[in-house]
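# sequence and predicted model, in that order:
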Amino acid sequence: MLIGVAIEVPPAIADAHKLPGTAVPDDELASVVAAATSCPTLTAPRVAAQLMALTGFSTTASGSTIAGMTDTDWTHWKPRSAADRDDTGDNIVALAHQTCQMVGQLRQAGLDGDLWGPAIAAQHGGVDAVIAAKGVPGGQKTLVDNAIGYAAWYADQPQFDPDAATPAPSPSAEASAVTDAAVTTAVTVPATLVSAINRAGSTCSAVTPARIAAQLRAASNFDANLRTDQGEGIAQFSPALWAQYAGKGDSVWDADDAIAVLGETMCDLTHQFSGLTGADPYTLALGAFQWGAYTIRQGAGLPATTIVQLADTVKSLEGTYQKDARLNGNTAATPPASASARASASPSPSASLSPSPSSGQAQAKAPTVSTKPTPGKTARDNQPPVKGPDTDGSGRSYGPYFIYNFATKECVDLPGYGAGTRDGPVNQFPCAKTGTDNQEFTFVPRSVDGDGYQLYWIRNVDDGWCVDPPGTSTVTSSTSLDETGCYDADNQYFRLEPRFTSGGFQYYWLRNTVANMCLDVPGKADGGADARLALVPCLANDDHDWALVQKSEW
């Protein structure tokens with residue numbers, strides 16, 4: 001039986017006087033649920049409550065949009081560079097990102113406990129005022145009290161009641177095993193799906209090919225055309241979850257697309273629930289896939305019904321699929337014909353055509369065939385520590401590394417082939433595994449943040465300069481990155497946040513700790529050679545995942 005996370009509902013919410021709100025419009029419900037996954041502090045009722053307290057879900061309140069964000073806040077917190085100012089979904093996600101960042105700033109300043117209310121106050125009255133008051137200042141008390149009251153009310157509404165989300169039996173009991181208590185036996189995985197399952201099962205170590213196969217069997221009996229009250233396609237994605245994780249051009253009805261997205265989704269959900277005492281992250285991720293992450297995070301568990309839960313069914317099937325010799329995580333299988341923008345299948349290794357060095361920095365780089373790196377036969381022990389302080393206290397640099405993007409298959413790069421230009425751009429370019437170039441960087445330990453992460457300069461080997469956002473403080477979303485002299489009293493610190501493993505490599509978000517945003521390639525996994533890198537709010541299913549690869553591993 002799937003268990004819930006033992007997280008108590010904060011007293012401020014549990015004991016609050018309920019303030020009746022307006023039902024979340026059907027068109028916005030999926031965006032509210034997706035935005036709630038931005039950080040553990042948020043839940044879907046809390047996001048709905050903020051919107052109700054700010055604008056009452058009106059897109060014209062005070063001349064602003066549904067989230068009540070000013071143009072300045074929108075520019076800073078919009079979820080991607082091409083986000084639409086008038087799109088309600090983009091505004092809801094932007095508000096969630098801002099709230100989560102306020103929580104982080106307040107916690108780093110020494111405030112503890114449930115910081116949702118103080119974060120709302122910080123959004124509208126400033127972080128300094130909240131820190132000075134050690135809580136919600138008087139000027140923001142009414143807004144925060146209203147939000148807390150609305151959250152208590154929304155938590156009881158059918159829209160956010162997991163018992164109301166009980167799926168009805170599908171048209172075919174055999175086709176939808178999750179609604180059929182008698183279906184607990186494995187069936188042979190169709191040969192046409194084996195390669196896609198193996199690739200999805202190599203996205204991270206926690207989600208194996210056998211687990212992917214078991215989940216597909218439990219969800220749809222491998223039926224790519226199945227539509228039920230619970231979901232669509234071979235993986236039975238709900239529309240909200242598909243919208244959150246699928247890339248542009250992906251189709252929930254294309255088996256290769258859906259299986260690739262399933263691998264990324266389950267890895268991300270498992271990562272969200274890692275580190276919880278007494279709870280199995282993968283089990284909780286299965287519950288989140290079926291019932292929503294906010295339900296599991298709140299400790300609500302699953303509805304007490306006679307329907308077999310997804311977690312129970314998957315675990316009963318997993319052992320059988322582990323014995324299928326074809327499900328071995330072979331990511332070298334033939335790529336699918338899918339046009340998925342995520343490029344989940346890496347190109348086959350081929351010779352790297354590295355250009356000759358140039359003495360002129362302005363000379364454009366010649367075309368290069370970028371290949372996927374291949375780790376050696378021995379276990380990789382060449383990564384910088386994620387948590388600090390630095391393991392041996394020496395302050396030594398780690399690397400050098402190529403910084404390789406999972407989605408674009410290109411590396412962090414400087415124009416030309418030698419030393420870059422002070423205050424010059426930092427780009428991406430096909431990885432030059434041989435010859436002379438300037439794509440190697442060291443990670444230099446500098447400090448440890450309030451969450452225990454080791455903070456690093458990212459320093460180029462050829463010129464000794466560091467990756468740098470302009471100025472010395474926080475920056476707006478989509479700000480382009482430069483390189484310049486390395487300084488401690490600046491905004492040059494990055495931390496490594498492990499995301500998943502694929503092909504033997506650990507992939508990280510590289511988060512700038514002053515801006516609280518991630519290293520990004522403009523666009524969504526479609527940036528090409530010489531695309532200038534930037535900082536944007538960290539997003540799953542984008543091009544924010546980077547591996548640190550040493551030259552010997554190409």
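It's in.

# residue ranges with poor pLDDT in the stretch 251-400 of the chain?
275-279, 293-309, 328-372, 374-380, 390-396 (pLDDT under 70).

# would you map the strands across this structure?
With DSSP state E, the ranges of strands along the chain come out as 398-405, 411-413, 424-425, 427-429, 440-448, 454-460, 466-468, 479-480, 482-484, 494-502, 505-512, 517-520, 534-536, 546-549.

# dump the ones you listed to a markdown table, plus distance to A260.
(Glycine included, C-beta is placed from N, CA and C.) Below are those laid out as a markdown table (distance: least, Cβ to Cβ, whole Å):
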| stretch | distance to A260 |
| --- | --- |
| strand 398-405 | 17 |
| strand 411-413 | 23 |
| strand 424-425 | 32 |
| strand 427-429 | 22 |
| strand 440-448 | 29 |
| strand 454-460 | 29 |
| strand 466-468 | 30 |
| strand 479-480 | 30 |
| strand 482-484 | 34 |
| strand 494-502 | 12 |
| strand 505-512 | 15 |
| strand 517-520 | 21 |
| strand 534-536 | 23 |
| strand 546-549 | 18 |
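
# ok, which of those strands comes nearest V187?
Taking Cβ to Cβ, strand 494-502 is the member of those nearest to V187, at 27.6 Å.

# now that closest one, how far from the centre of its chain.
Strand 494-502 sits 10 Å away from the centroid of its parent chain (Cα atoms, centre = their mean, to the nearest Å).

# kindly report the same for stretch 67-87.
Centroid separation for stretch 67-87 versus its chain: 19 Å, with Cα atoms, centre = their mean.

# buried residues of it, list them for me.
67-69, 73-74, 76-80, 83, 87 (16 or more other Cβ atoms under 10 Å).

# stretch 471-485 too?
Under the neighbour-count criterion of 16+ other Cβ under 10 Å, stretch 471-485 has 474-479, 481-484 buried.

# one more: stretch 453-467?
Neighbour-count burial for stretch 453-467 [16+ other Cβ under 10 Å]: 453-460, 462-463, 465-467.

# now swap in stretch 542-554 and tell me
Neighbour-count burial for stretch 542-554, counted by 16+ other Cβ under 10 Å, picks out 542-550, 553-554.

# what's the end-to-end length of it?
End-to-end span of stretch 542-554 (Cα to Cα, to the nearest Å): 24 Å.

# repeat that for stretch 506-521.
This stretch, stretch 506-521, spans 19 Å end to end (Cα to Cα).

# for that stretch, the averaged confidence score.
Taken as a whole, stretch 506-521 has an average pLDDT of 93.

# same deal with stretch 120-131?
Here stretch 120-131 scores 90 as its mean pLDDT.

# so where's the stretch 51-200 of the chain shaky on pLDDT?
59-64, 80-82, 161-186.

# hmm, A129 is touching P137, no?
Yes. Using Cβ atoms under 8 Å, A129 is in contact with P137, at 4.8 Å.

# neighbour-wise, which of these two wins?
Between A129 and P137, counted using other Cβ atoms under 10 Å, P137 has the larger neighbour count: 20 against 17.

# please tell me how far the more buried one sits from V144.
With the distance defined as Cβ to Cβ, to the nearest Å, P137 ends up 9 Å from V144.

# intersection of neighbour lists for those two?
Common contact partners of P137 and V144 (Cβ atoms under 8 Å, 6 or more residues apart in numbering): A121.

# show me what contacts W74?
65, 85, 91, 94.

# between these, which is closest to D112?
Of all these, A94 has the smallest distance to D112: 26.3 Å, by Cβ to Cβ.

# next up, the contacts around the closest residue to that closest one other than its chain neighbours.
In this structure, A94 finds its nearest non-sequential neighbour in W77, 4.3 Å apart by Cβ to Cβ, 6 or more residues apart in numbering. By Cβ under 8 Å, 6+ apart, the residues touching W77 are 69, 94-95, 97-98, 101, 477, 537.

# nearest to Y154 among those residues?
L95 (15.3 Å).

# contact partners for the closest one?
By Cβ under 8 Å, 6+ apart, the contact set of L95 is 35, 47, 50-51, 67-69, 77.

# now do P470
479-480, 482.

# tell me which of the residues you listed is nearest to F402?
Using Cβ to Cβ, D482 is the member of the contacts of P470 that sits closest to F402, with 19.7 Å.

# for the closest one, which residues count as its bridge partners?
With DSSP bridges as the criterion, D482 is bridged to P425, D468.

# list the residues that contact it.
The contact partners of D482, taken as Cβ under 8 Å, 6+ apart, are 423-426, 467-470.

# report pLDDT for it.
The predicted local confidence for D482 is 93.

# that one and V467: what is the separation?
Using Cβ to Cβ, D482 is found at 8 Å from V467.

# joint contacts of these two?
Joint contacts of D482 and V467 (Cβ under 8 Å, 6+ apart) are V426.

# on that earlier part again, in the contacts of D482, find the pair that's most separated.
Among those, the pair separated by the greatest distance (Cβ to Cβ) is G424 and P469, at 14.0 Å.

# looking at the two, which is more packed in?
Each of G424 and P469 has its neighbours counted (other Cβ under 10 Å); P469 has more, 22 against 17.

# number of residues surrounding N438?
Counted with other Cβ under 10 Å, N438 comes out at 23.

# that one reaches G416, doesn't it?
Yes. N438 lies in contact with G416 (Cβ under 8 Å); the separation is 7.0 Å.

# buried residues in the lengthiest helix in the chain?
Across the chain, the longest stretch assigned as helix under DSSP state H is helix 88-108. Buried residues in helix 88-108, counted by 16+ other Cβ under 10 Å: 88-107.

# which strand residues bridge the nearest residue to G399 once chain neighbours are set aside?
Among residues not flanking G399 along the chain, T442 sits closest, at 4.0 Å (Cβ to Cβ, 6+ apart). Under the criterion DSSP bridges, T442 forms beta bridges with R459.

# quick revisit: just give me the closest of the contacts of W74 to A407.
Distance to A407, by Cβ to Cβ, is smallest for A94 among the contacts of W74, at 22.2 Å.
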